[in-house]
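J.: Mind folding the following:
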Amino acid sequence: MRLLLSFVLLFSLYLSGFSQESIKIKYKETNFLGDNMNLPPQFAQNMPKSFENNKILYATESKALYIVNTEDVDPNPQQQQRWMRRGSNEEVFTDSDNDIRFTFTDLFGKEFLVEDQLTRTPWKLHSGEQRDILGFTCVKATFVQDTTEVTAWFTTQLPFSFGPSTYSGLPGTILAVTYGENRVMLATSVEKDPAKMPALEKPKKGEAITREKFTKLSEEKRKEMQQMYGGNRQGGQFRTFNGN
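T.: Next comes the predicted model:
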């Protein structure tokens, strides 16, 4: 508890003495596909081992928007990567003042706008473990999400309590996240007070739905796919990575 209070105090000092009001961070997301997904042969032969997404986080003290990076588009994407774009267009808007989050995503071709109430993430701080990311000293933090350990690296040198996707709630900005062995999100550039900022507001597309109903619908669709292809499939190519 004393350690957490120390970080919060340090974060407050940075915040009070910092002139910057916004930030822009580019991330590279790498999603790894395991060998144990039991895919149908017609899919397995064309399945890549991993695929990447490029995203951008825009944030202020109380709001954040995580969207697709359209600035650095690969002119020659691999065919198998285009085939594996599930969730690549996901957008996340977080409003910490009102404790709410909206996530735009797709589910088997249908678009949804999922609403969540922000809850406290049970992060455990590891002050003795640090690493450098883009010149910023980062501290390790972990928590268990859906039986999978999530590891984040955050820096108090950037006074914004946000990070990639839905990860937030630490006394500083998250520059890297690892979700088990399946997903890695790593900052590739940081721009303080960017000249151009999009409107930090919830996406205006997708059918509005609660997280509870979306989770139930996702499970129903997963079971439908299992029945369609037979056997005890794990839904590997349809797997989603939901944040906290």
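J.: How many residues are close by the residue nearest to Leu113 when sequence neighbours are not counted?
T.: Ranked by Cβ to Cβ, 6 or more residues apart in numbering and with sequence neighbours excluded, the top spatial neighbour of Leu113 is Gly206, at 3.6 Å. Yep, even glycine has a C-beta here, placed from its N, CA and C like the rest. The local packing of Gly206 (other Cβ atoms under 10 Å) involves 19 other residues.
J.: likewise Met197?
T.: Using other Cβ under 10 Å, Met197 has 15 other residues around it.
J.: Contact partners for it?
T.: Shown in contact with Met197 (Cβ atoms under 8 Å, 6 or more residues apart in numbering): Ser22, Lys24, Tyr58.
J.: re earlier: was I right to think the residue nearest to Leu113 contacts Phe104?
T.: Yes - Gly206 is within contact range of Phe104, at 4.9 Å (criterion: Cβ atoms under 8 Å).
J.: shared neighbours of these two, anything?
T.: Residues within reach of Gly206 and of Phe104 at once, by Cβ under 8 Å, 6+ apart, are Glu111, Phe112, Leu113.
J.: Please tell me how far the residue nearest to Leu113 sits from Val114.
T.: Look at Gly206 and Val114: by Cβ to Cβ, to the nearest Å, they are 8 Å apart.
J.: Ok, Ile56 next?
T.: Per Cβ to Cβ, Ile56 is found 20 Å from Val114.
J.: Likewise for Thr70?
T.: Distance, Thr70 to Val114, using Cβ to Cβ: 22 Å.
J.: Could you check which of these two has the larger neighbour count?
T.: Val114 (23 against 8).
J.: Quick one: the helices in this protein, in order.
T.: 2-17, 41-44, 79-83, 211-229 (DSSP state H).
J.: If you average pLDDT over each of those helices, which is lowest?
T.: Averaged per stretch, pLDDT over those is lowest on helix 79-83, reaching a mean of 44.
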